[in-house]
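# Let's see this in three dimensions:
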Amino acid sequence: MTATPASKVLASKVLDRVLVLEMVRVTEAAAIAASKLIGRGDEKAADHAAVEAMRAALNELAMDGTVVIGEGERDEAPMLFIGEKVGTGTGAKIDIALDPLEGTTITAKAGPNALAVLAIAEHGCLLNAPDVYMDKLAVGPGYPAGVIDLAKSPTENVAAVAAAKGCMPQELIVCVLDRPRHAELIAELRGIGCGIQLIPDGDVAGVIATTNEDTNVDIYMGSGGAPEGVLAAAALRCVGGQFKGRLLFRNDDERARARKWGIADLNKIYDLEELAKGDCIFAATGVTDGSLLEGVKRLRKGCMTTESVVMRASSGTVRWIKSEHRKVL
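Predicted coordinates:
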């Protein structure tokens, strides 16, 4: 991955560098808890285990944290709901976006790319997005500003990225969630002749894949959860890239929820810096093996390994962390 130059993002006076490794400990705890349910066919149990472990780990930290992207609203999520306070209540005021188990179905079926994910920023720097769908468009670093645009068609965006990369559209790979709602998008992309990497779940990893040349993914397109969009934007703040997002509403109830969380313009196209601004810390730990991270491995009784990545926007630092846990958390 290519990191964002430190000069582009000022270091936060609130986000202490100690929090970088603390966030890894939080995602490790969630990943280890969820790993006990890999392949067991119970999505809810796996998600619940990750949620409880992440919540307990967050509550040990000396911070005044507020969940702005979580498991849902209070009446739908008993833990880590939007607006929940975490931490000891002392110290810095921090906003938190999290997905304790990004890929519940993946975990239940022992598929690839399940992650425990979170991002933190100073208060007010992460979009307080409602739990609705979001139309997403992303590319990695190195392209001219404005190379992608949600107001344009998939064909136009592919052509623009290909021109900027100096190749033919047919040479690009586009990552898309494998969902019936994307049938028209997939047909259009195949009509162009470019390659499509269909993923069963895990669109945070899908967006991050655009930043990693080893994945061969050039563009991410399609709709997925808005919370995951904010998390992906926080990751791109740290490593570079461009992201466009537009909230999608299926009914009046979802529109009302958006207004409740302060969303005035329901048709707005959000840029990267409007979803995640200022200094951000992003952390993820693999639950199952994937293109980004290895999953939790149990080596012998009482011992396991985890692989994590943690990034910080102000320093442009990306750390890959392989940990050995001699006690089951």
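
# Okay, strands next: where are they in this structure?
In the chain, the strands defined using DSSP state E lie at 64-69, 85-86, 93-102, 115-122, 133-139, 173-177, 195-199, 219-225, 242-248, 269-271, 280-286, 297-300, 303-312, 317-325.

# Give the residue spans of the stretch 51-200 of the chain that score low on pLDDT.
Scanning the stretch 51-200 of the chain for pLDDT under 70 picks out the ranges 74-78.

# Helices along that one, start to end?
For the stretch 51-200 of the chain, the helices defined by DSSP state H, counting those that start in this stretch occupy 104-108, 154-165, 183-192.

# Which strands or helices does the first one pack on?
Counting contacts by 3 or more C-beta pairs under 8 Å, 6 or more residues apart in numbering; DSSP states H and E, helix 104-108 packs against helix 43-58. From N, CA and C alone the C-beta is placed, and that goes for glycine too.

# hang on, the earlier thing: will you turn the helices of the stretch 51-200 of the chain into TSV that also has mean neighbour count?
Formatted as TSV, these follow (neighbours: other C-beta atoms under 10 Å):
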stretch	mean neighbour count
helix 104-108	23
helix 154-165	18
helix 183-192	14
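
# I'd like to know which of these is closest to residue 277.
Nearest to residue 277 among the helices of the stretch 51-200 of the chain is helix 154-165; the distance by C-beta to C-beta comes to 23.7 Å.

# Give me the contact list for the closest one.
137, 139, 143-144, 147-149, 152, 168-169, 171-172, 174, 185, 188-189, 191-192, 194, 218-219, 221 (C-beta atoms under 8 Å, 6 or more residues apart in numbering).

# what helices or strands is the longest helix along the chain leaning on?
Ranked by number of residues, the top helix in the chain under DSSP state H is helix 18-35. Judged by 3+ C-beta pairs under 8 Å, 6+ apart, the packing partners of helix 18-35 are helix 43-58, strand 93-102, strand 115-122, strand 280-286, strand 303-312, strand 317-325.

# repeat that for 10 Å
Using 3 or more C-beta pairs under 10 Å, 6 or more residues apart in numbering; DSSP states H and E, the elements in contact with helix 18-35 are helix 43-58, strand 93-102, helix 104-108, strand 115-122, strand 280-286, strand 297-300, strand 303-312, strand 317-325.

# Indicate which one of these is closest to residue 225.
Checking the helices and strands packed on helix 18-35 against residue 225 by C-beta to C-beta gives strand 93-102 as the closest, at 8.4 Å.

# who are the neighbours in contact with residue 103?
34, 43, 46-47, 109, 111-117, 199-205, 287-288, 290 (C-beta atoms under 10 Å, 6 or more residues apart in numbering).

# give me that answer again for 8 Å
Residue 103 neighbours (C-beta under 8 Å, 6+ apart): 111, 113, 114, 115, 201, 202, 287, 288.

# Distance of the closest residue to the first one other than its chain neighbours relative to residue 44?
Spatial nearest neighbour of residue 111, excluding adjacent residues (C-beta to C-beta, 6 or more residues apart in numbering): residue 200 at 6.0 Å. As judged by C-beta to C-beta, to the nearest Å, residue 200 and residue 44 stand 18 Å apart.

# Between those two, which has more neighbouring residues?
residue 200 (14 against 10; other C-beta atoms under 10 Å).

# The more buried one and residue 114 touch, don't they?
No. Counting by C-beta atoms under 8 Å, residue 200 sits too far from residue 114 to count as a contact (10.3 Å).

# Now do the shared contacts for these two.
Here residue 200 and residue 114 share the contacting residues residue 106, scored by C-beta under 8 Å, 6+ apart.

# show me where pLDDT drops low in the stretch 201-329 of the chain?
327-329.

# go again using 50 as the cut-off
Per-residue confidence for the stretch 201-329 of the chain (pLDDT under 50) gives these ranges: 329.

# quick one on the thing from earlier: in CSV: the helices and strands packed on helix 18-35, plus distance to residue 19.
Listed next are the helices and strands packed on helix 18-35 as CSV, based on distance: least, C-beta to C-beta, whole Å:
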stretch, distance to residue 19
helix 43-58, 11
strand 93-102, 8
helix 104-108, 27
strand 115-122, 7
strand 280-286, 6
strand 297-300, 26
strand 303-312, 9
strand 317-325, 13
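
# among the ones you listed, which is nearest residue 262?
Once the helices and strands packed on helix 18-35 are compared by C-beta to C-beta, strand 93-102 is nearest, at 13.1 Å.

# list the buried ones in that closest one?
Within strand 93-102, the residues scored as buried using 16 or more other C-beta atoms under 10 Å are 94, 95, 96, 97, 98, 99, 100, 101, 102.

# Quickly check those for the two that are furthest apart.
Farthest-apart pair in those is 94 and 101; separation 21.5 Å (C-beta to C-beta).

# Just the buried ones among the contacts of helix 154-165, please.
The neighbour-count test (16+ other C-beta under 10 Å) applied to the contacts of helix 154-165 identifies 137, 139, 143, 147-148, 169, 172, 174, 185, 188-189, 192, 194, 218-219, 221 as buried.
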